[in-house]
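Student: Return a 3D structure for these sequence lines:
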Amino acid sequence: MKKAKQILCVLLVCLLAFAVAPSVYAREANTHLRFHEDGSFTILHLTDWHTDYPMPAVQKQYVTEALAAAKPDLVVLGGDMSEASKEDQPAAVKEICDLMIAADVPFTITFGNHDYLHELTIDELFALYKESGGAYCLSVDEDPALFGCGTCSIPVYANDGSRVAYNMYLFDSGCEVDAQDTEVLRPGQIDWAANGAKKVKTQHYESVHADQIAWYQQKAESLREANGGRYVPSIAFQHIIVQEIYDKLWPQAKAGDRSIMRFADRAYKMTAIPNLSGISDGYVMEYPCPGYYNYGQLAAMQQNGDVRAVFCGHDHSNSFTVEIDGVDIVNTPSVKPHSLFKKLNWGGRVVTLYEDGGYESRVLSGCELAATRGSGIIESGAVSRFELVLMKLWKAFADVSMFLWKPVTRLFNR
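Tutor: This next block holds a predicted model:
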């Protein structure tokens, strides 16, 4: 009888422990991400927070409501997260991580250029996310010898757990690069001097490096071998967009062109309106800022044919999808609210993977959530009811304009 009571006490203690922290135990036990029975897996891509510390109420409210609306299986933090001081970074990172923990959703992170600018090494910042996120932070620095920090692959298993049905690649695309050619000509910045235009200083950014691309190729081959000789359908996340986006949106520059964007080995004629005919959805509201050097990332992915889409941030008010030789290049807008008419693209992106290899994505905007019943976004500031009306009208105008301008811009950008 005494022994039975002891066993009963032990069982009660175990049950109490699970009741106190059920989500933590569930998260630690569920180390594999899996598709649901309906063959879907949902990701919420939240990038370019640029949040102060403490976090502004409107950003916290948007993220909280986006998590509730999207019901993601995973959150991907897209970089440029906190603008807090070095001293406040630990508390700021914890504040960010706590939003996912409160929603009981695991997360990963791909660092942005601004994450390198807070007097912490990127390895130290990575450690803060791992510490604050605990079992919820699924990111790993898979090979510390690679450029940057946090480059890794995260598999999503079939519903029955029998195989890797989808794979996610996370790349650190770095910060800024010192380039010899630090001058660019842009529309609206022309000074009619003797040579016809003035060269304007601009920033140049890093990109996914050659060692990361070689790592990706090895990983893809390893997954292919384990998958019976077939490449595993994949997507990729990184902060800075691939350089080939300019091949799709603007023509290469010719001698005598006044307004150009110059990279290490290419230059593009910067017409006032890009070639909208190549955009399947979303909007181009600012010039994309890809890496200055192109190490062949997109070419490697096109050769394998495994990567369906590359999801990027960095360019805050862009939200387009552009297909380039079989790979979709997708820009997710910033979580931080923009100025008036750029609020059209303020928010995050919901990505739905399907076990059969397909995917879908859409922007979940702050204005969309603010217009729903019970939303607290308006009360938290940064957007008013009047602005919501303006955004509806602006979106209608933008959608019609995109439809009408697509064939016209193809002619302008030959």
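Student: what comes up buried for stretch 103-111?
Tutor: Going by neighbour count (16 or more other CB atoms under 10 Å), the buried part of stretch 103-111 is 103, 105, 106, 107, 108, 109, 110, 111. Every C-beta, even on glycine, is put in place using the N, C-alpha and C of the backbone.
Student: give me the low-pLDDT residue ranges for the stretch 301-414 of the chain?
Tutor: For the stretch 301-414 of the chain, the stretches flagged by pLDDT under 70 are 414.
Student: Next secondary structure after the helix or strand of the chain with the lowest mean pLDDT?
Tutor: Within the chain, no helix or strand scores below helix 22-29, which has a mean of 38 by mean pLDDT, DSSP states H and E. Using DSSP states H and E, the helix or strand that directly follows helix 22-29 along the chain is strand 33-34.
Student: Who are the packing partners of that following strand?
Tutor: Counting contacts by 3 or more CB pairs under 8 Å, 6 or more residues apart in numbering; DSSP states H and E, strand 33-34 packs against strand 152-157.
Student: Packing partners of the helix or strand following the strand it packs on?
Tutor: Next helix or strand after strand 152-157 toward the C-terminus (DSSP H and E): strand 164-170. Where contact means 3+ CB pairs under 8 Å, 6+ apart, strand 164-170 is packed against strand 107-109, strand 152-157, helix 210-226, strand 234-237.
Student: buried residues in the third one?
Tutor: By that I understand helix 210-226. So, applying 16+ other CB under 10 Å, buried residues of helix 210-226: 212, 213, 215, 216, 219, 220, 223.
Student: Can you name the residues that contact the fifth one?
Tutor: Contact partners of residue 219, counting by CB atoms under 8 Å, 6 or more residues apart in numbering, are 153, 167, 169.
Student: same thing but 6 Å
Tutor: The contact partners of residue 219, taken as CB atoms under 6 Å, 6 or more residues apart in numbering, are residue 153.
Student: And for the third one?
Tutor: Contact criterion CB under 6 Å, 6+ apart gives residue 146 as the residues in contact with residue 215.
Student: Please tell me how far it sits from residue 119.
Tutor: 29 Å (CB to CB, to the nearest Å).
Student: One more: the fourth one?
Tutor: Here the criterion is CB to CB. By it, residue 216 lies 31 Å from residue 119.
Student: How far off centre is the host helix or strand of residue 396?
Tutor: In the assignment (DSSP H and E), residue 396 maps to helix 385-412. Mean-position distance between helix 385-412 and its chain equals 24 Å (CA atoms, centre = their mean, to the nearest Å).
Student: repeat for stretch 339-355
Tutor: That offset, for stretch 339-355, works out to 10 Å (CA atoms, centre = their mean).
Student: I'd like to check what contacts it. Which residues are they?
Tutor: By CB under 6 Å, 6+ apart, stretch 339-355 touches 35, 39-46, 66, 70, 165-166, 317, 319, 332-333, 337-338, 359-367, 391, 394-395.
Student: Out of these, name the ones that lie in helices.
Tutor: Among the contacts of stretch 339-355, the members falling in helices (DSSP state H) are 66, 70, 366, 367, 391, 394, 395.
Student: How about the contacts made by the fifth one?
Tutor: Residue 391 makes contact with 343, 344, 367, according to CB under 6 Å, 6+ apart.
Student: Name the nearest residue to the last one, ignoring sequence neighbours.
Tutor: By the measure of CB to CB, 6 or more residues apart in numbering, the closest residue to residue 367 outside its immediate chain neighbours is residue 391, 4.6 Å from it.
Student: follow-up on the earlier one: what is the nearest of the buried residues of stretch 103-111 to residue 228?
Tutor: Nearest to residue 228 among the buried residues of stretch 103-111, counting by CB to CB, is residue 108 at 27.2 Å.
Student: shouldn't residue 413 be in contact with residue 249?
Tutor: No. Look at residue 413 against residue 249 with CB atoms under 6 Å: they stay out of range, at 7.6 Å.
Student: Counting neighbours, go ahead and name the busier of the two.
Tutor: Comparing residue 413 with residue 249 by other CB atoms under 10 Å, the one with more neighbours is residue 249, at 24 against 19.
Student: ok, for that one, nearest residue in space, not its chain neighbours?
Tutor: Using CB to CB, 6+ apart, the nearest residue to residue 249 is residue 274, at 3.9 Å.
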